[in-house]
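In: For reference, the sequence and a predicted model appear below.
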Amino acid sequence: MHRFANPARFTRIADRVLPFVAVATAAALGVGFYMALFVAPPDYQQGESVRIMYVHVPSAWMAMFIYVAIAVASAVALIWRHPLADLAAKASSPIGAGFAFLTLVTGSLWGRPMWGTWWEWDGRLTSMLILFFLYLGHMALMHAFDDQQRGYRAAAILALVGVINIPIIKFSVDWWATLHQPASVFRLDGPTIHPSMLWPLLITAVGFKLYYVTVVLLRIKSELIAARLRALDLARLKAS
Amino acid sequence: MKGLVIVIGRDLRLALRQSADAWLAVLFFVLTATLFPFGVGPEAATLRQIAPGVIWVVALLAVLLSLERLFLADFEDGSLEQLLLSPLPLEVAVLGKVAAHWLTTGLPLIAAAPLLALLFHMEPAGLLTLLLAMLLGTPVLSLIGAVGAALTLGARRGGVLIPLLVLPLYIPPLIFGVGATESALSGLSARPDLLLLGALLLVMLLVAPLAAAAALRQALE
Amino acid sequence: MGGYAAFVWPSLGLTLVVMLGLLLSTLRQLRARQRRLAALEAEGATRRPRGGSLAAAAPGDAPTVTRSRENERSEEAAS
């Protein structure tokens, strides 16, 4: 694993991979969005508003996926002291926060015509709101120290505590929502989905995932340069 | 075990010497709760309905307020480093400090809770469950809070950061704590919520000292 | 859009805005840092440690407070 710890090698591999991933991202998102808007049929119950699902659901998947990715990176960083894992965690959390934010806003935009309200304290939306707060905490802690290394370490511990707590939070919020909710709340995504809707959804989801890979590679590259700049500044400071 | 007792004893002695801190938390607890009747009106029916939620939320904020000083004094005067160097495992020392924190913050809050129940016209039937739930729930607040306090040690704006890190993690104890009290008030069994609170306490007893000790180690490096 | 246009289009639009915005800000930051690094290397005032540039930024030689603040400022100025 430490073979990839060498920043020069990482940058070389990233530079080689990036063009392909970027093109694939653009293609998947283009096709996915086109299908979502113009090809997929309107839902027999929700009408055209179901098209919001094609951005809402992949965003929610990404928001959850990226938190798990951060937790895995954090574990790798803490156990093996792998420097790239720290950078990957730092690079990921703004993207995850962005997707959590998108999930909340598109959920609200979908909820307005479906539930008749901009916000419903529904189990899923509430859990996503808490996940959004967890992302904000992770980002804030990452930047809270003058010594970047401490920020990495503290944020990694927080991410692991967070990932242990996410199932607990999810369970407790569901528990609470079923107690307090009128039973007739419309569910945002049903368990069964017709293939004509599944395909656009899957293609957009793949596009979102590729987008994450592209941006995270760029951000890690950028962080590597920042680390180098810090080292150069320090060397200059010592020399003077 | 002996080390644990020593840590608790030392922290308790220190807390007693500055007993104002514990009083402040209780005062905050009562004072903030008294704001609610002014906000929602003094009708007994309304107050009775919001009582469990208000008591829990205010207790949670009172604990939050006391978290910053949990490790800070020891960090600044170097005794934390002594703890790290001592043969006592840091995890056990953290557990001792959390226990002392709970005895000086959580326990006084539980003692003050009946007063709030009275002010909010809560039915006596729910009082025992409320106290029982707080007995299980407030240690969870101290444990999770210790992780937040340890992580922000030496951070810029550490005091502002703690709520951001800790409050999302406080939601499960809040839900189960209020749930238990509300069940008891409406004549249902509070058992499931209390059991869940107990399970949460066990999980946090395991996770929190580990995480807090890891955070302290990297703060002292 | 069957009466739902006011909800569907903003959803998609906002998604695109957020995704593009994050990508562009990442690219801008990357460019700014690359420029600064190129400028520093052109100055030639520093011999850069080969292969271990990450290690050079390791905890032992954490930059001082004032210095790292200065970096942020100059990075912002560059972007």
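Out: That came through, no problem.
In: need the residues of chain A near chain B, please.
Out: A:78, A:130, A:133-134, A:136-137, A:140-141, A:144-146, A:150, A:153-154, A:157-158, A:160-162, A:164-165, A:168-169, A:171-173, A:175-176, A:179 (C-beta under 8 Å from any C-beta of the partner chain). Using the backbone N, CA and C atoms, a C-beta is placed for each residue, glycine as well.
In: Give me the subset of those lying in helices.
Out: Cross-referencing the residues of chain A next to chain B against helices under DSSP state H gives A:78, A:130, A:133-134, A:136-137, A:140-141, A:150, A:153-154, A:157-158, A:160-162, A:164-165, A:168-169, A:171-173, A:175-176, A:179.
In: thinking again about what came up before, give me the subset of the residues of chain A next to chain B touching chain C.
Out: Residues of the residues of chain A next to chain B in contact with chain C (C-beta under 8 Å from any C-beta): A:146, A:150.
In: before we move on, the earlier item: if any of the ones in helices among the residues of chain A next to chain B are buried, give me the ChimeraX selection for them.
Out: Buried subset of these, written as a ChimeraX selection, criterion 16 or more other C-beta atoms under 10 Å in any protein chain shown:
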select /A:78,130,133,134,136,137,140,141,150,153,154,157,158,160,161,162,164,165,168,169,172,173,175,176
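In: could you say what helices and strands the lengthiest helix in chain C packs with?
Out: For chain C, the helix reaching the highest residue count under DSSP H is reported as helix C:5-43. Using 3 or more C-beta pairs under 8 Å, 6 or more residues apart in numbering or on different chains; DSSP states H and E as the contact test, the elements touching helix C:5-43 are helix A:53-80, helix A:83-115, helix A:195-239, helix C:65-78.
In: what is the mean pLDDT for the second one?
Out: Which is helix A:83-115. The predicted model gives helix A:83-115 an average pLDDT of 92.
In: Does chain C have contacts with that helix?
Out: Yes - residues of helix A:83-115 contacting chain C under C-beta under 8 Å from any C-beta: A:83, A:94-95, A:98, A:101-102, A:105-106, A:109-110, A:112-113.
In: before we move on, which element is B:Val213 in?
Out: Val isn't right for residue B:213; it's Ala. Assigned by DSSP states H and E, B:Ala213 falls within helix B:191-220.
In: just B:Leu153 next, same as before
Out: B:Leu153 belongs to no helix or strand when elements are defined using DSSP H and E.
In: so how far is B:Glu91 from the nearest residue in space to it that is not next to it in sequence?
Out: Ranked by C-beta to C-beta, 6 or more residues apart in numbering or on different chains and with sequence neighbours excluded, the top spatial neighbour of B:Leu153 is B:Ala219, at 4.3 Å. Distance of B:Ala219 to B:Glu91, given as C-beta to C-beta, to the nearest Å: 15 Å.
In: who's more crowded, the two?
Out: A count of neighbours by other C-beta atoms under 10 Å in any protein chain shown puts B:Ala219 above the other of B:Ala219 and B:Glu91, at 21 against 17.
In: Would you mind listing the residues in contact with that one?
Out: The contact partners of B:Ala219, by C-beta atoms under 8 Å, 6 or more residues apart in numbering or on different chains, come to A:150, A:154, B:75, B:150, B:153-154.
In: ok, now A:Lys90?
Out: Counting by C-beta under 8 Å, 6+ apart, A:Lys90 makes contact with A:142, A:151-152, A:155, A:219, A:223.
In: Tell me how far stretch A:219-233 lies from the chain's centre.
Out: Stretch A:219-233 sits 23 Å away from the centroid of its parent chain (C-alpha atoms, centre = their mean, to the nearest Å).
In: Establish whether it and chain C are in contact.
Out: Yes - applying C-beta under 8 Å from any C-beta, one finds stretch A:219-233 touching chain C at A:219, A:221-222, A:224-233.
In: okay, that stretch in CSV with CA atoms only?
Out: The C-alpha trace of stretch A:219-233 is given here as CSV (Å, rounded to 0.1, in the frame of the first residue of the first chain):
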residue,chain,number,x,y,z
ARG,A,219,-8.2,17.9,-4.6
ILE,A,220,-5.6,15.3,-3.3
LYS,A,221,-3.2,16.6,-6.0
SER,A,222,-3.8,20.1,-4.8
GLU,A,223,-3.3,19.1,-1.2
LEU,A,224,0.0,17.5,-2.1
ILE,A,225,1.2,20.7,-3.7
ALA,A,226,0.1,22.6,-0.6
ALA,A,227,2.1,20.3,1.6
ARG,A,228,5.1,20.9,-0.6
LEU,A,229,4.6,24.6,-0.4
ARG,A,230,4.4,24.5,3.4
ALA,A,231,7.7,22.5,3.4
LEU,A,232,9.4,25.0,1.0
ASP,A,233,8.3,27.9,3.1
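In: Alright, calling it a day.
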